[in-house]
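*Asks:* mind looking at a prediction? Sequence and model below.
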There are 2 protein chains.
Amino acid sequence: MAHHHHHGEGHTTCVRLVPIFNHLSDEQMDLIAASAHTRKVSKNELLFRVGEKDDTLYIISSGRIRIYQLNESGREQTIRILNPGDFTGEVAIFQSDKRHHSYAVAALDTTVCMIRKADLDNHLDNYPEITRRILADVTQRLQVSEKQTTQVGIENVASRIVAFLADYVVDENNHTFVDLPMTRKDLASYLGTTPETISRKFSALEEQDLIRQHAKNRIEIMDLDELLFSVE
Amino acid sequence: MAHHHHHGEGHTTCVRLVPIFNHLSDEQMDLIAASAHTRKVSKNELLFRVGEKDDTLYIISSGRIRIYQLNESGREQTIRILNPGDFTGEVAIFQSDKRHHSYAVAALDTTVCMIRKADLDNHLDNYPEITRRILADVTQRLQVSEKQTTQVGIENVASRIVAFLADYVVDENNHTFVDLPMTRKDLASYLGTTPETISRKFSALEEQDLIRQHAKNRIEIMDLDELLFSVE
DNA sequence: CGTACCCTTGATGTTCCTCAATGGAAGTGG
DNA sequence: CCACTTCCATTGAGGAACATCAAGGGTACG
């Protein structure tokens, strides 16, 4: 282990952070951490882009990564937001096509740790449970992605916004709040619409006294049930 | 093995059909087939529905299954079409929530073979490679699902249709054809639109001499590049 | 202190959905 | 095999939802 100390503590931290590894013993996690490398990505910097060859598993140590796709006219569809403990890089696992099909950009200054496929394969052989956990995670993501497709495909924008808000509510002192984890532009991209439409829908919900916009990204939900009902 | 012959040959057939098992030896596949059960589903019959508890892996032996979701107003979003050799049932693998989040309906008279989670877990323990292959498949499906989200989110209907057609082209005698694997209604559901809009877009493409509609589900592509270009 | 980006609101236009009517194909039962 | 029903596909008319273009003010950041 000692010869890896020059990498800093980041590896150990992020390996312990992520559910696919944290069933292992400390010694086992240290072994995995030893195979990891750290990369810092500044806000707005790309971690990878469409078409790039890559066989790396990325684990977010701190910060935030946004995964998106792009069409010919330049419009973005945000696929996923990665927070600390989340990982991506199924490209490294799915063998027959190792090119990225999405862009990954840092939404904040971010630190990721990376494990190369050769090392990961070793770990998977040694600890088959890791494969099971990755499978559980990817399966969960598939569910979320299919739900997103359905939302974008058959719900109107108001419904999509409300469904999104409902996923992010937290309760504080008998009040219900949502702290938006992204700008309206990014929210629009995630919900398959435009910032202008997001803005208008929020205003409309506020006029109906269903929500109240406090700070820019802090929204109070007056009555969640009523809000959900209003868009059916 | 002999005591399983009364199940018929279906099990063996479908276990051999599916890429997640066909790396195994005949004897190993026979063992897995022995744990499978067969179910016949008539056209338009549901295989499972939203909210049902279930811990089964379904492998399509023959026929076709359509997976879809439903919103409160009754609109359908088709998520996936399963053909022989395809499987579904990640619900059986992802542990924490074992309820279906989609409906599965037979688009044709269909035979599926089913493996229960307890048996599957056994197989996964005995042959870790199966987990890797399932992971590869789910990862691939995640890619497709994310692409579908992007299509539905930021492309107009004409683009979605053309992208869909491009995925299904086959060449015959110097002509390019697409045999639509479903009705326009189902295609509309898959593309997040309505049958009327599908119909109109096809007519428009035909007026531009980009396609020609022969039999109901047989479409000739006059020039694929031109067709792709026309919607950019 | 300026610049750039984000958010909001208005005016306008397009896309696509909804409702409705019709013709045709496929399936069903006599 | 034909009459009947049912579903599918097409086309039209109308309208709703949303995108686009444009301009304004607010805010963060160098």
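*Replies:* Everything's here; your move.
*Asks:* could you list every helix and strand that the strand or helix carrying A:Cys113 packs against?
*Replies:* Here A:Cys113 sits within strand A:110-116, counting by DSSP states H and E. Packing partners of strand A:110-116 (3 or more Cβ pairs under 8 Å, 6 or more residues apart in numbering or on different chains; DSSP states H and E): helix A:10-17, strand A:37-41, strand A:56-62. The way it works is simple: take the backbone N, C-alpha and C, and place the C-beta from them, glycine included.
*Asks:* and if we set it to 6 Å?
*Replies:* Packing contacts for strand A:110-116, counted by 3 or more Cβ pairs under 6 Å, 6 or more residues apart in numbering or on different chains; DSSP states H and E, involve strand A:37-41, strand A:56-62.
*Asks:* how about the helix or strand just after the longest one, does it get close to chain B?
*Replies:* So the one you mean is strand A:56-62. Once the chain leaves strand A:56-62, the next helix or strand it forms, by DSSP H and E, is strand A:65-70. Yes - counting by Cβ under 6 Å from any Cβ of the partner chain, chain B is contacted by strand A:65-70 at A:Gln69.
*Asks:* note down every partner strand of strand A:65-70 and its orientation.
*Replies:* strand A:76-82 (antiparallel), strand A:103-106 (antiparallel) (DSSP bridges).
*Asks:* just the angle for the lengthiest helix in chain A relative to strand B:76-82, thanks.
*Replies:* Scanning chain A for the longest helix, with DSSP state H as the assignment, gives helix A:128-154. Computed by axes from the mean of the first three to the mean of the last three Cα atoms, to 10 degrees, the angle separating helix A:128-154 from strand B:76-82 equals 140 degrees.
*Asks:* is the helix or strand that helix A:128-154 is followed by positioned near DNA strand D?
*Replies:* Using DSSP H and E, the next helix or strand after helix A:128-154 towards the C-terminus is helix A:157-168. Yes - using Cβ under 7 Å from any atom of the strand, a contact is recorded between helix A:157-168 and DNA strand D, made by A:Val157, A:Ala158.
*Asks:* residues of chain A that sit close to DNA strand D?
*Replies:* Checking chain A against DNA strand D by Cβ under 7 Å from any atom of the strand, the hits are A:Ser73, A:Arg75, A:Asn156, A:Val157, A:Ala158, A:Gly192, A:Thr193, A:Thr194, A:Glu196, A:Thr197, A:Lys216.
*Asks:* out of those residues, who's nearest DNA strand C?
*Replies:* Using Cβ to the nearest atom of the strand, A:Glu196 comes nearest to DNA strand C of those, at 4.1 Å.
*Asks:* ok, now which ones touch the closest one?
*Replies:* By Cβ atoms under 6 Å, 6 or more residues apart in numbering or on different chains, A:Glu196 lies in contact with nothing.
*Asks:* mind telling me what element it is part of?
*Replies:* Applying DSSP H and E, one finds A:Glu196 within helix A:195-207.
*Asks:* avg pLDDT for that helix?
*Replies:* For helix A:195-207, the mean pLDDT works out to 96.
*Asks:* quick check: what element follows it along the chain?
*Replies:* Next element after helix A:195-207 (DSSP H and E): strand A:211-213.
*Asks:* on that earlier part again, highest mean neighbour count out of the helices and strands packed on strand A:110-116?
*Replies:* strand A:56-62 (a mean of 23; mean count of other Cβ atoms under 10 Å in any protein chain shown).
*Asks:* point out the residues in chain A that sit beside chain B.
*Replies:* So chain A meets chain B at A:69, A:71-72, A:75, A:77, A:79, A:90, A:93-94, A:101, A:128, A:131, A:135-136, A:138-140, A:142-143, A:145-146, A:148-150, A:152-154, A:192, A:232 (Cβ under 6 Å from any Cβ).
*Asks:* before we move on, the earlier item: can you list the strands that the strand holding A:Cys113 pairs with?
*Replies:* strand A:37-41 (antiparallel), strand A:56-62 (antiparallel).
*Asks:* could I get those strands as a markdown table with mean pLDDT and distance to DNA strand C?
*Replies:* Formatted as a markdown table, these follow (pLDDT from 0 to 100; distance: least, Cβ to the nearest atom of the strand, whole Å):
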| stretch | mean pLDDT | distance to DNA strand C |
| --- | --- | --- |
| strand A:37-41 | 93 | 17 |
| strand A:56-62 | 93 | 21 |
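*Asks:* tell me if stretch A:108-124 is near DNA strand C.
*Replies:* No - Stretch A:108-124 does not reach DNA strand C (Cβ under 7 Å from any atom of the strand); its nearest approach is 12.6 Å.
*Asks:* endpoints of that stretch, how far apart?
*Replies:* Stretch A:108-124 stretches 31 Å from its first residue to its last (Cα to Cα, to the nearest Å).
*Asks:* can I get the strands paired with strand A:110-116 in a markdown table with distance to A:Asn122?
*Replies:* Below are the strands paired with strand A:110-116 laid out as a markdown table (distance: least, Cβ to Cβ, whole Å):
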| stretch | distance to A:Asn122 |
| --- | --- |
| strand A:37-41 | 15 |
| strand A:56-62 | 12 |
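*Asks:* residues from chain A in reach of DNA strand C?
*Replies:* Residues of chain A lying near DNA strand C (Cβ under 7 Å from any atom of the strand): A:183-185, A:195-196, A:198-200, A:202-203, A:213, A:216-217.
*Asks:* ok, and the most crowded of the residues you listed?
*Replies:* Within those, most neighbours by other Cβ atoms under 10 Å in any protein chain shown means A:Ile198, with 22 neighbours.
*Asks:* isn't it right next to A:Asp186, touching?
*Replies:* No - with contact defined as Cβ atoms under 6 Å, A:Ile198 does not count as touching A:Asp186 (9.9 Å).
*Asks:* check contacts around A:Glu90.
*Replies:* B:Thr139.
*Asks:* swap the cut-off to 8 Å and go again
*Replies:* Neighbouring residues of A:Glu90 by Cβ atoms under 8 Å, 6 or more residues apart in numbering or on different chains: A:Val138, B:Thr139, B:Leu142, B:Gln143.
*Asks:* cool, and A:Gln151?
*Replies:* A:Ser159, A:Arg160, A:Ala163, A:Leu191.
*Asks:* try A:Arg116
*Replies:* Here A:Arg116 is in contact with A:Ser35, A:Asp55, A:Thr56, A:Leu57, A:Ala92 (Cβ under 8 Å, 6+ apart).
*Asks:* just curious, which of those is nearest to A:Asp119?
*Replies:* A:Ser35 (3.9 Å; Cβ to Cβ).
*Asks:* roughly how far apart are the residue found closest to that closest one once you drop the neighbours it is linked to in the chain and A:Ser145?
*Replies:* In this structure, A:Ser35 finds its nearest non-sequential neighbour in A:Asp119, 3.9 Å apart by Cβ to Cβ, 6 or more residues apart in numbering or on different chains. A:Asp119 is 27 Å from A:Ser145, where distance means Cβ to Cβ, to the nearest Å.
*Asks:* brilliant, that's me finished.
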